[in-house]
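Visitor: Got a predicted structure here, sequence first:
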Amino acid sequence: MLQDYDNGFWFSPDEGVTWTEISLSDQGVFLAHSEYVHSQAIIIGQGLSHWRTVDSGATFVTIAAPLPPAPPVFTFHPDQPDYLLFHGQRCTSQDTDCEVDVLDLFCLLGLSASLIADAQNSWLPYS
């Protein structure tokens, strides 16, 4: 899979001989590949919708995030390939009453972290 300069996303079913553009329901802005399972990737959207593939881009599942994204939006779990660490914006820089999160560093930065299991498409607290 690759991302071109116009934010188009492409996959090759035959290791680069031919390429097919991936059509999304919304605008994707960034492609992140798993460093642990090479067939997995995430296309990060502008809002709450993101797209995950586990078959090198042949199919995608839409993931609805609970919060707006904050870099590094998704991190792939090294031991559990079905899990992603999501980084979302919980409070703004003007908000002085930021809720205390399990991860103090993320709270100090105004961020929240959760895990998602793609089989259930449900969010679980990060611990």
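Guide: Happy to help now that I have it.
Visitor: quick one: the helices in this structure?
Guide: 104-108 (DSSP state H).
Visitor: how about low-confidence regions in it?
Guide: 89-127 (pLDDT under 70).
Visitor: same thing but at 80, please
Guide: 25-26, 65-73, 77, 80-127 (pLDDT under 80).
Visitor: can you pull out the strands in it?
Guide: Using DSSP state E, the strands of the chain run over 2-3, 9-11, 20-21, 28-33, 41-45, 49-53, 61-64, 69-76, 83-89, 111-117, 122-125.
Visitor: Those into TSV, with extra columns for mean neighbour count?
Guide: (C-beta placed from N, C-alpha, C; glycine too.) As requested, those are arranged in TSV below (neighbours: other CB atoms under 10 Å):
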stretch	mean neighbour count
strand 2-3	15
strand 9-11	18
strand 20-21	10
strand 28-33	18
strand 41-45	23
strand 49-53	22
strand 61-64	15
strand 69-76	17
strand 83-89	19
strand 111-117	20
strand 122-125	12
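Visitor: Which strand residues bridge the residue nearest to residue 71 when sequence neighbours are not counted?
Guide: Nearest non-adjacent residue to residue 71, counting by CB to CB, 6 or more residues apart in numbering: residue 87, 7.0 Å away. In this structure, residue 87 bridges to residue 113 when assessed by DSSP bridges.
Visitor: Residue 87 contacts residue 68, correct?
Guide: No. Counting by CB atoms under 8 Å, residue 68 is not a contact partner of residue 87; they are 10.3 Å apart.
Visitor: Give me the neighbour count for residue 18.
Guide: 9 (other CB atoms under 10 Å).
Visitor: isn't it right next to residue 12, touching?
Guide: Yes. In this structure, residue 18 is within contact of residue 12 by CB under 8 Å, at 6.3 Å.
Visitor: quick one: the residue nearest to residue 71 from residue 10, how far?
Guide: Residue 87 sits 26 Å away from residue 10, going by CB to CB, to the nearest Å.
Visitor: Over to residue 31?
Guide: 10 Å.
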